[in-house]
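Engineer: no FASTA, just this:
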């Protein structure tokens, strides 16, 4: 019974990895925005999506679960390292405008998401 539950959990993680990889390969906004904000762009997004799909397929089968877990771990560690590198490189920046401007130009160049402009109202809107 314990083995069946572990295989079921492994298959569930595999399905989640397949869904996340598909979302990255199709360039869905909620997956593409963090990569654009970090400055990694579409190439790393496509590589991460492909590896995540391979990991998900490996996790669907019990015998190749270790390989899938290793592939998924490499994607997670790589993304975490890129995020930490981005934070460390911009830690001493006094202006956050450059990070915001970099994010907007990266997003506009990839044509994934357009920035939203909020306008301040002139009075009370009751």
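Structural biologist: That came through fine. The structure displayed is predicted, hence computed values, not measured ones. Numbers count the residues shown, from 1 in each chain.
Engineer: thinking residue 65 is in contact with residue 55, fair?
Structural biologist: No - under the criterion of CB atoms under 8 Å, residue 65 makes no contact with residue 55, lying 10.0 Å away. Every residue, glycine included, has its C-beta placed from N, CA and C.
Engineer: those two - which one has more neighbours?
Structural biologist: residue 55 (28 against 19; other CB atoms under 10 Å).
Engineer: residue 21 sits in which helix or strand?
Structural biologist: helix 2-26 (DSSP states H and E).
Engineer: packing partners for that helix?
Structural biologist: In terms of contacts (3 or more CB pairs under 8 Å, 6 or more residues apart in numbering; DSSP states H and E), helix 2-26 is packed against helix 29-38, helix 41-60, helix 65-89.
Engineer: the first one to helix 2-26, inter-axis angle?
Structural biologist: This points to helix 29-38. 70 degrees (axes from the mean of the first three to the mean of the last three CA atoms, to 10 degrees).
Engineer: residue contacts, residue 79?
Structural biologist: residue 48 (CB atoms under 8 Å, 6 or more residues apart in numbering).
Engineer: next one: it, what pLDDT does it get?
Structural biologist: With respect to pLDDT, residue 79 has a value of 83.
Engineer: please report how far it lies from residue 47.
Structural biologist: Separation of residue 79 from residue 47 (CB to CB, to the nearest Å): 11 Å.
Engineer: contacting residues for residue 67?
Structural biologist: Residue 67 makes contact with residue 58, according to CB under 8 Å, 6+ apart.
Engineer: right, I'll call it a day here.
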